[in-house]
Structure formats: structure tokens, C-alpha cells
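Asker: Pasted the sequence and its predicted model underneath.
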Amino acid sequence: MDVTANDASRSDGWEAWSRIRLAIAGLVLCVPIAIMSSTWLQKVTGSRAPALPGWSWKVGDLKRYPSRFEFEFNLALPSRVEVASLARRVYVDGLGVSPVAEVVMGTDGWLYYVGPAGEKLLDRHVRGSAPFSVPELDRWRDFLVERARRLRSVGAKYVFVIAPNKESIYPEHLPGWVGPRVGPSRLDQLMAHLKSATDVTAIDLRPALLAEKKTSVVYYKADTHWNTRGAYAAYREIARVLTPDFPGLAAKSWDSLRPTPIDRTGFDMARMIGLVPETPEADFVIDHGACGVAHPVPLPMPAELQSRLTGPAQAFRCDVPGSVDAVIFQDSFGTALTPILTESFRSTASFRTTAGPNDSVGYGMPEKLRANLVLEILVERSLGPPPGL
């Protein structure tokens, strides 16, 4: 028997099959282009040519552009979502793995955002194997001390609020391959280092959320963010810390916020891995009444601040005891938290900015708005390289 001939035959057959598979993959990739180019195919598939989002060089608009493009693309080609969902469910339901590297599938339906591989979020914030160096911790402390000093000079108290990553509150649902913790997380390090900076108020919300977790779910399973109960626990802790400096400040009870149970969908990580349709999760909606009515910020904003906005700047007024006039710089964790905070502040101006600490100390807004409180809300995973002074 000619073994060499058989091996060559198998090799030729495998090469031919590989070429066929590549051709099929290429044809599949060309289907959206064909549909967009053919009026007849658009009618048959119920599709249309996508409308491209408007272009802007602002940092916030650039960060939003990929998601806006994907939204328009999916709207124009509805069958794409169905096909992608079917393919991804092979991974999720059949293989039990995430089709997207940035999302990890935990136990009992919990999803975790671990970011691009280069960011090493698990090493920095879960395993404790990529800690801050002492010079980095010194730079973070100096940055926060200087920020507090400069805002104090214009009559405002600065409070740095760290919103925990979901894995810091629900580590028990992480997959086993993540492994044990080998050292302190970066948030552990920073909070310990700031004990020597008595003029900096930094709020670590982990204890409050872990306590609330004993009786309520405080994060969504399929989203990176806390839910309404989690946001309320954060609000209550912030109010507790602020009370000595603002004696008239009173935290509202949960029942006084008139929460209404709802089933919520629209989760970021569910969309990332193609879980369509989503499994609804229990949540609450709060009726903020007049305190929740958003108005445009009444003053022009500097270009530097406008370039970092990822949502409209909003102003709120609330007829409550106390004299807190707040300016809030927030990332996406402030979306659920800030409306609850407005229930206890006389006036609030909120600015949702790009991830990470803001480049400028308030962009001049606390002085213009005569604020006596500045909150900066930052998610734990943004504790990366120390910002410059």
C-alpha cells in the first residue's frame, strides 16, 4: 500500500475543503454589501441602506460613534442581528463560552466585563497580581490632594467616589479559571494610601454594597452596572459621609422614593455577546417628581469640557432642606445614581464625561454655578495609570 500517495490524497482533499470553507465565509461576508447595493434584495429581506451617523471630532462623539454605527447598521439589516444571535448562541448555549473576549461568562447567568487583554483588568482588580507601584500611588494621592485644595479655594468640597466593579461585589460567580487572589486590588491599595491624606474625601462604596447585597440584588447579571437598589445603597452611603459637612442634608428612605417594580432589559454585555432576546431582570423605577426634571445647564461650557461630554449636561433643582449646591462629574455609573442624589440637593449640575478622571479641575463650572460640593464618580476599572497634575 502506498502510504505516501494516501497522505498526499488526504492533504489535497483537506486543502480543497479549506478553500471551499474560505469561499463560503467570503460569500457570507459579502451578503450585507450585496443587500445594501441591491434594491431588490432590500425588498426581499426587509432591509434598507444604513444611514451613517453624523461625524464629529469631539472626544465624546468619537467614543460613541462605533455604537451609533452598529445601531444604524442593525436597524438597516434586521436579519443580521438574528443571524449573529444564532451563531453566538452556539458559543453561549452550546459551548458555554463568551464569543467576545471582553466578556466572561460566570455561573448562574452572571456576566463580567474584563476589557481588552492589554488592560489586564482581572490582574489589576481581581487577582491583585498587577498592583500599583509606590510612585504611582503617590501620584494618585498628590493628584487628589491638589484637586481638593483647588476646589476648596473656590468654596467647594471635593469628594472622590469609586463605584466598584461588579466582580468586587459578586466574586462568587466568576469562573474558576480566574483563580485566587494573590494580593490587594488597586482600589485596596489606593484607599490604604489615602489614609495619610486627611484633606481628601474618598468614598469606597464596596462595604455599603456588600451589606445591601445580603437582602437585595445590587447589580444586573447581564450588565456592567449596578441596578436601582445598588444605586440607592451608594446614595445612602454618600449622604452619610457628607452629613458632617452639610448638616441639613437628609438621605431619603427607600419607600419615600416611591419605587415601582419593573422587568428591565437593554443590558450592555447581553448585547455584546448577542443574547437576543434578553432575559428580563427585576428592577425598580423611581418617580423623582419635580426633582427629576432636567434642565439645560444655564451657563456656556468651555470647549475642553464639551469635548469630553458623552451625554447632555443637565441641571436640576429640588425644594429640600439643606443648602447643597452640587456639581457632579460622572461616568456611566452616575446614570442611575445622580437622579437619586438630586432628591437631597438644592441644585445639581451633572456632566457625563469620558472614562477616567477629568483633565481639568471642574473646568471652571463650580465657580460659575456657585457650587459648594463637587462629586467625581469613577468606576473602579478606571483606576489605571495615575493622572497628571
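Answerer: Happy to help now that I have it.
Asker: can you count the residues close to E102?
Answerer: 16 (other C-beta atoms under 10 Å). C-beta coordinates here come from the backbone N, C-alpha and C atoms, glycine included.
Asker: got a list of what the closest residue to H295 other than its chain neighbours touches?
Answerer: Using C-beta to C-beta, 6 or more residues apart in numbering and skipping residues adjacent in sequence, the residue nearest H295 is A315, 4.7 Å away. With contact set as C-beta atoms under 8 Å, 6 or more residues apart in numbering, A315 has these partners: A294, H295, P296, V297, P298, S347, T348, A349, S350.
Asker: Need the distance between the two termini of stretch 293-300.
Answerer: 20 Å (C-alpha to C-alpha, to the nearest Å).
Asker: Looks like L299 contacts P366 (just checking).
Answerer: No: between L299 and P366 there is no contact under C-beta atoms under 8 Å: 11.3 Å.
Asker: So which of those two has more stuff around it?
Answerer: Each of L299 and P366 has its neighbours counted (other C-beta under 10 Å); P366 has more, 24 against 12.
Asker: Now do the helix or strand R139 falls within: which elements does it pack against?
Answerer: Here R139, judged by DSSP states H and E, is contained in helix 134-152. On a contact count with 3 or more C-beta pairs under 8 Å, 6 or more residues apart in numbering; DSSP states H and E, helix 134-152 meets strand 157-163, helix 186-193.
Asker: what angle separates the longest one from strand 157-163?
Answerer: Regarding helix 186-193 and strand 157-163, their directions subtend 150 degrees when assessed with axes from the mean of the first three to the mean of the last three C-alpha atoms, to 10 degrees.
Asker: just how off-centre is the helix or strand just after helix 186-193 within its chain?
Answerer: Moving toward the C-terminus from helix 186-193, the next helix or strand (DSSP H and E) is strand 201-204. Distance of strand 201-204 from the chain centroid (C-alpha atoms, centre = their mean, to the nearest Å) equals 19 Å.
Asker: when you compare where the helix or strand that strand 201-204 is followed by runs with where strand 157-163 runs, what's the angle?
Answerer: Using DSSP H and E, the next helix or strand after strand 201-204 towards the C-terminus is helix 206-213. Orientation check (the same axes, to 10 degrees): helix 206-213 against strand 157-163 gives 50 degrees.
Asker: What's the first helix or strand after helix 206-213?
Answerer: Heading C-terminal from helix 206-213 (DSSP H and E), you reach helix 228-242.
Asker: immediately after that following helix, which helix or strand?
Answerer: Following helix 228-242 in sequence, per DSSP H and E, is strand 259-264.
Asker: For that following strand, give the mean pLDDT please.
Answerer: Average pLDDT, strand 259-264: 97.
Asker: Backbone dihedrals for the spatially most central residue of the chain, both of them.
Answerer: For the chain, the residue nearest the mean C-alpha position is S332 (4.9 Å; C-alpha atoms, centre = their mean). Per-residue torsions, S332: phi -70, psi -20 (degrees, to the nearest 10).
Asker: quick one: contacts for it?
Answerer: S332 touches T224, H225, R352, V379, counting by C-beta under 8 Å, 6+ apart.
Asker: Please name the nearest non-neighbouring residue to the first one.
Answerer: If I follow you right, that is T224. Y113 (4.6 Å).
Asker: Kindly report the same for P387.
Answerer: P357 (4.6 Å).
Asker: pretty sure that neighbour is in a helix, no?
Answerer: No: counting by DSSP: H, G, I helix; E, B strand; the rest coil, P357 is not part of a helix but coil.
Asker: Next, count neighbours for it.
Answerer: 20.
Asker: Go ahead and confirm it touches S382.
Answerer: Yes: counting by C-beta under 8 Å, S382 is a contact partner of P357 at 7.5 Å.
Asker: ok, E376 touching V159?
Answerer: Yes: counting by C-beta under 8 Å, E376 does reach V159; the two are 7.3 Å apart.
Asker: for W226, what are its contacts?
Answerer: W226 touches A163, K166, L209, V218, Y219, Y220, A234, F333, A336, L337, counting by C-beta under 8 Å, 6+ apart.
Asker: follow-up on the earlier one: among the helices and strands packed on helix 134-152, which is the most enclosed?
Answerer: strand 157-163 (a mean of 23; mean count of other C-beta atoms under 10 Å).
Asker: and the angle for that strand with helix 134-152?
Answerer: Using the same axes, to 10 degrees: strand 157-163 against helix 134-152 is 140 degrees.
Asker: orientation of strand 157-163 relative to helix 228-242 in degrees?
Answerer: 150 degrees.
Asker: Strand 157-163 packs against which elements?
Answerer: helix 134-152, strand 201-204, helix 228-242, strand 373-379.
Asker: List phi and psi for the closest residue in space to L249 that isn't next to it in sequence.
Answerer: In this structure, L249 finds its nearest non-sequential neighbour in G322, 4.7 Å apart by C-beta to C-beta, 6+ apart. When read as degrees, to the nearest 10, the backbone of G322 gives phi 100, psi 180.
Asker: Check whether G322 really touches F246, as I assumed.
Answerer: Yes: between G322 and F246 there is a contact at 6.0 Å, judged by C-beta under 8 Å.
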